[in-house]
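# Okay, here's the prediction I keep looking at, along with the sequence it came from:
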Amino acid sequence: MKELRSHLKGGKLNKKLTLEQYNICFLKGTEPPFSGKYTNNHEPGMYACVVCGTKLFSSDSKFDSETGWPSFDRPFANKNISYSEDYSMGMRRIEVMCKKCGSHLGHVFDDGPTSTGKRFCINSLALDFIANQD
């Protein structure tokens with residue numbers, strides 16, 4: 001954590017992100033399964049990048065994957081997401097990032113239960129939730 005504090009000290013992100021959010025978004029960490037505040041969120045709305053506010057996922061695409069992280073079958077807009085091969089942890093995965101700011105969000109897998117066949121496994125700490133206004 002001391003290393004994270006030195007990265008944050010005096011920077012713009014110091015006021016916006018917690019140490020845990022910085023670890024996930026910029027050091028490609030992950031939150032423990034079933035610990036995220038959006039894992040069991042079923043409210044209608046939009047999930048946005050915690051760093052820059054880009055709209056990433058709609059609640060319409062969210063499903064319960066029983067993996068412990070919020071899961072979506074598609075992004076809100078393909079233009080808002082970028083991908084990179086990730087060979088960490090001894091396996092090949094596809095990393096998902098916010099295209100605008102480059103923030104690490106999580107990974108996408110080809111085992112989703114809907115017609116897209118995708119499961120975007122995303123860290124709650126990388127997201128802000130904007131509830132629909134009635």
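Yes, it's here. The shown structure was predicted, so the numbers you read here are calculated from the model rather than taken from an experiment.
# where does the nearest residue to Phe63 once chain neighbours are set aside fall, phi/psi-wise?
Computed as CB to CB, 6 or more residues apart in numbering, the closest residue to Phe63 that is not its neighbour in sequence is Ser71, at 5.7 Å. Where you see a C-beta, it was placed from the backbone N, CA and C, and this is true even at glycine. Dihedral angles of Ser71 (phi, psi; degrees, to the nearest 10) stand at phi -130, psi 140.
# could you measure Ser71 against Phe129, distance?
As for Ser71, its distance to Phe129 is 15 Å (criterion: CB to CB, to the nearest Å).
# neighbour-wise, which of the two wins?
Ser71 (24 against 17; other CB atoms under 10 Å).
# can you point me to the longest helix in this protein?
Assignment by DSSP state H gives helix 19-27 as the longest helix of the chain.
# Quick check: buried residues in that helix?
Gln21, Tyr22, Asn23, Ile24, Cys25, Phe26 (16 or more other CB atoms under 10 Å).
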